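S.K.: Here is a sequence with its predicted model. Questions after.
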Amino acid sequence: MNNSYNNSLSTNTQLTQKSVNRCFDGEQHYYSHQSIATKTPMTFSIYLPDEALTGKVCPAILYLSGLTCNADNVTHKAHFQQRCSELGMIFIAPDTSPRSSEDDDVPNDERYFVGQGASYYVDATCAPWAKNFNMQSYIVDELYDLLRSEFPISSIGVTGHSMGGHGALLLGFKFPSKFVSVSALSPVSAASESAWGEAAYTEYFGDDKAQWTQADAAQTIKRVGRQYSRILVDQGGADNFLAEGQLQTSKLQQACEEVAQPLTLRYQAGHDHSYYFIQTVINDHIDHHWRMAQLY
Ligand SMILES: N[C@@H](CCC(=O)N[C@@H](CS)C(=O)NCC(=O)O)C(=O)O
């Protein structure tokens, strides 16, 4: 645990600060860095409440975004900053995948649910993806360690939206020693059984179904069993992707029931899949992670 923080990044930092904006009682920062896992530059946003800026260690939430997103969507649209500043909570939003740049030719796909913006937070094993699409390693090893060495973080909880909700459930249950709390917003519950996930996993893992199962959130919960005293999931009742069968919330519910993992699952009537919904429930998720961090 970092016990002191000098209100400046350490001199040997690997991070390049891109922007700083005062927001409520804290600052919204953006950073980029060269990633070893993805072999590309990666960008993330981090909200630092004044407590963190003045040297106090604070709990953090890692938010994994959904298909087509980068760090901007949640940072600009979810309105998490006020609650985080009131509680003294750090909020981190990484990108959803490696990206092509002038120096890096990263593979992509015409479909919005495969390739750039659609990593599923897994380590791909098939060409051409395996070279750059190592987002599990990026999130749970590289970024995790970087965050803990560069910022005054006491503990990390993981949450996310849609594909990122799947990522939060998957990584939270695969790596319970790294995360003190898990929640999800409109998550894909079982990527290996949704049309979006099937398309992506065919590319990333080929036809090796054992790898699909290892990278499926509901299957992982069934495999590893209860890990958290309670997880929180919100799902819009009028979400078109729920109706389309991409999210399959019942599979998550079933998996949690099977292993007695306590789950608070709330269907919010009339709400869709958008950031208007996320904005509506984000404070409850921040509070959930805050409460869990206090028990840590
Ligand atoms: N663009 C896709 C939908 C992709 C989508 O809805 N992405 C969600 C996450 S799964 C999102 O948050 N989009 C960005 C935003 O609303 O700011 C479509 O045409 O159907």
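M.R.: That came through, no problem.
S.K.: What separation do you get for the residue sitting nearest the centre point of the chain and Asn70?
M.R.: With distances taken as CA atoms, centre = their mean, the residue of the chain nearest its centroid is Leu64 (2.0 Å). Here the criterion is CB to CB, to the nearest Å. By it, Leu64 lies 12 Å from Asn70. From N, CA and C alone the C-beta is placed, and that goes for glycine too.
S.K.: hey, what's in contact with both of those two?
M.R.: Common contacts of Leu64 and Asn70, defined by CB atoms under 8 Å, 6 or more residues apart in numbering, comprise Thr96.
S.K.: so which helix or strand takes in the residue of the chain found nearest the ligand?
M.R.: Closest residue of the chain to the ligand, CB to the nearest ligand atom: Gly66 (2.7 Å). Per DSSP states H and E, Gly66 falls between elements, in no helix or strand.
S.K.: what's around the nearest residue to it once chain neighbours are set aside, how many residues?
M.R.: Of all residues not flanking Gly66 in the chain, Ser162 sits nearest, at 3.2 Å (CB to CB, 6 or more residues apart in numbering). For Ser162, the neighbour count with other CB atoms under 10 Å is 25.
S.K.: pLDDT value on Ser162, please?
M.R.: If you check Ser162, the pLDDT there is 98.
S.K.: didn't it look like it was pressed against Ala191?
M.R.: No. Under the contact definition of CB atoms under 8 Å, Ser162 does not touch Ala191, with a separation of 10.7 Å.
S.K.: and the stretch 51-200 of the chain, which of its residues are near the ligand?
M.R.: Gly66, Leu67, Thr68, Cys69, Asn73, Lys77, Tyr112, His161, Ser162, Met163 (CB under 6 Å from any ligand atom).
S.K.: Go through the residues you listed and say which is closest to Leu295.
M.R.: Proximity of these to Leu295 (CB to CB) peaks at His161, which lies at 24.9 Å.
S.K.: so that closest one touches Ile278, yeah?
M.R.: Yes. Contact status for His161 versus Ile278: in contact at 6.0 Å, counting by CB under 8 Å.
S.K.: which residues are common contacts for the two?
M.R.: With CB under 8 Å, 6+ apart as the test, His161 and Ile278 both reach Val74, Leu185.
S.K.: of the two, who's got more company?
M.R.: His161 (30 against 26).
S.K.: still on that earlier bit, what's the neighbour count on the residue of the chain closest to the ligand?
M.R.: Using other CB under 10 Å, Gly66 has 26 neighbouring residues.
S.K.: What pLDDT does the model give it?
M.R.: So, for Gly66, pLDDT stands at 98.
S.K.: can you map out the helices along the stretch 101-250 of the chain?
M.R.: 135-137, 144-150, 163-174, 195-205, 209-214, 217-224, 240-243, 249-258 (DSSP state H, counting those that start in this stretch).
S.K.: what bits of this protein have low per-residue confidence?
M.R.: The chain contains residues with pLDDT under 70 at 1-12.
S.K.: is it true that Lys174 touches Ile221?
M.R.: No. Counting by CB under 8 Å, Lys174 does not reach Ile221; the two are 9.8 Å apart.
S.K.: Between those two, tell me which one has more neighbours.
M.R.: Ile221 (29 against 19).
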